[in-house]
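Participant: Okay, here's the prediction I keep looking at, along with the sequence it came from:
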Amino acid sequence: MAASGDQELREQVRERYATAARVVATGSTDACCSGESCRPAAAAIDETFGAELYTADERGELPAAAVAASLGCGNPLAVAELHEGHTVLDLGSGGGIDVLLSARRIGPTGTAYGLDMTDEMLELARTNAAQAGATNVEFLKGEIEAVPLPDDSVDVVISNCVINLSTEKPAVFAEIYRVLRPGGRIGISDVVADDRLTKADRAARGSHVGCIAGALTFAEYREQLASAGFTDISLTPTHQVADDMRAAIVRATKPAS
């Protein structure tokens with residue numbers, strides 16, 4: 001059972017993303033229009049997070065609400081190397097942007113799962129999937145520390161700025177390892193801190209729900225992935241999100257044997 005402080009943080013995260021989903025679902029618009037259509041206002045943290053981290057072509061593939069609900073710190077599909085027939089799992093799938101983009105890449109013989117703990121985001125994602133005509137997707141309610149899928153059932157796990165929000169990261173990495181098939185891999189975007197930063201330093205730079213205070217350092221990330229059993233671990237910084245803290249692409253593999 002999670003400690004009371006951890007549970008409080010979890011509820012803060014849940015409410016933040018529920019609020020973001022409600023904002024998008026109301027159909028409010030921002031000042032950014034393309035042609036004759038305006039997209040709903042995104043509840044982004046700042047310019048280093050959100051839909052602008054995807055290409056214009058990728059954004060153009062999707063319903064406006066899926067784009068508007070994006071709160072990530074990167075584009076995990078840029079390194080996911082998805083192929084026809086793959087089974088993909090997106091942890092913390094939100095409004096479904098990465099699930100829907102994955103679904104197009106894996107084709108009708110593949111399956112793209114989205115896992116989220118927030119009812120409002122799941123409702124929004126399912127609506128977006130219906131509007132996109134995606135028939136090879138499934139959105140699951142659950143927590144990333146206890147994935148409701150069987151062992152060895154997924155080829156690729158992706159996630160976009162969600163693992164830093166967990167208060168039980170070793171459990172998350174253990175679950176990712178469990179559901180991946182031998183030889184499966186991860187392509188994750190996440191916020192990572194420079195190794196010299198203490199937990200207090202990270203907390204001083206931003207809140208937990210703002211994707212800052214809960215971030216691991218580069219060394220901690222590698223150590224926890226290795227402890228879960230992963231190999232071929234790499235973390236590649238992409239852009240700065242706070243002083244001495246960066247968005248990064250995380251890659252790792254579950255050994256084939």
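Facilitator: Now that the structure is in, tell me what you want to look at.
Participant: Distance of E84 relative to D155?
Facilitator: 11 Å (Cβ to Cβ, to the nearest Å). To be clear about C-beta, it is placed using only N, CA and C from the backbone, and glycine gets the same treatment.
Participant: now do I97
Facilitator: I97 is 20 Å from D155, by Cβ to Cβ.
Participant: more crowded one of E84 and D155?
Facilitator: D155 (21 against 10; other Cβ atoms under 10 Å).
Participant: Please report phi then psi for the closest residue to the more buried one other than its chain neighbours.
Facilitator: The shortest distance from D155 to any non-neighbouring residue, by Cβ to Cβ, 6 or more residues apart in numbering, is to H86 (4.5 Å). According to degrees, to the nearest 10, the main-chain angles of H86 amount to phi -70, psi 150.
Participant: Repeat that for G210.
Facilitator: phi -90, psi 10.
Participant: Hmm, V154 and L140 touching each other?
Facilitator: No - checked against Cβ atoms under 8 Å, the pair L140 and V154 is beyond contact range at 11.9 Å.
Participant: Overlap of the contact sets of the two?
Facilitator: Y113 (Cβ atoms under 8 Å, 6 or more residues apart in numbering).
Participant: what's the average pLDDT for whichever helix or strand Q7 is part of?
Facilitator: Element membership of Q7 [criterion: DSSP states H and E] is helix 4-25. Mean pLDDT, helix 4-25: 69.
Participant: I'd like to know which elements the biggest strand by length in the chain is packed against.
Facilitator: For the chain, the strand with the greatest residue count under DSSP state E is strand 180-193. Packing contacts for strand 180-193, counted by 3 or more Cβ pairs under 8 Å, 6 or more residues apart in numbering; DSSP states H and E, involve helix 77-80, strand 154-160, strand 216-217, helix 218-228, strand 231-242, strand 245-253.
Participant: please redo it, this time with the cut-off set to 7 Å
Facilitator: If you count contacts as 3 or more Cβ pairs under 7 Å, 6 or more residues apart in numbering; DSSP states H and E, strand 180-193 packs onto strand 154-160, strand 216-217, strand 245-253.
Participant: Dump the C-alpha coordinates for it into CSV.
Facilitator: C-alpha atoms of strand 180-193 as CSV (Å, rounded to 0.1, in the frame of the first residue of the first chain):
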residue,chain,number,x,y,z
LEU,A,180,7.6,-7.0,-22.7
ARG,A,181,8.3,-10.1,-24.8
PRO,A,182,11.9,-11.3,-24.8
GLY,A,183,13.8,-9.0,-27.2
GLY,A,184,11.2,-6.3,-26.6
ARG,A,185,12.2,-2.7,-26.1
ILE,A,186,11.3,0.7,-24.7
GLY,A,187,11.2,4.1,-26.3
ILE,A,188,10.4,6.6,-23.6
SER,A,189,10.4,10.4,-23.3
ASP,A,190,10.9,11.6,-19.8
VAL,A,191,12.4,14.4,-17.6
VAL,A,192,15.8,13.5,-16.2
ALA,A,193,18.0,15.5,-13.8
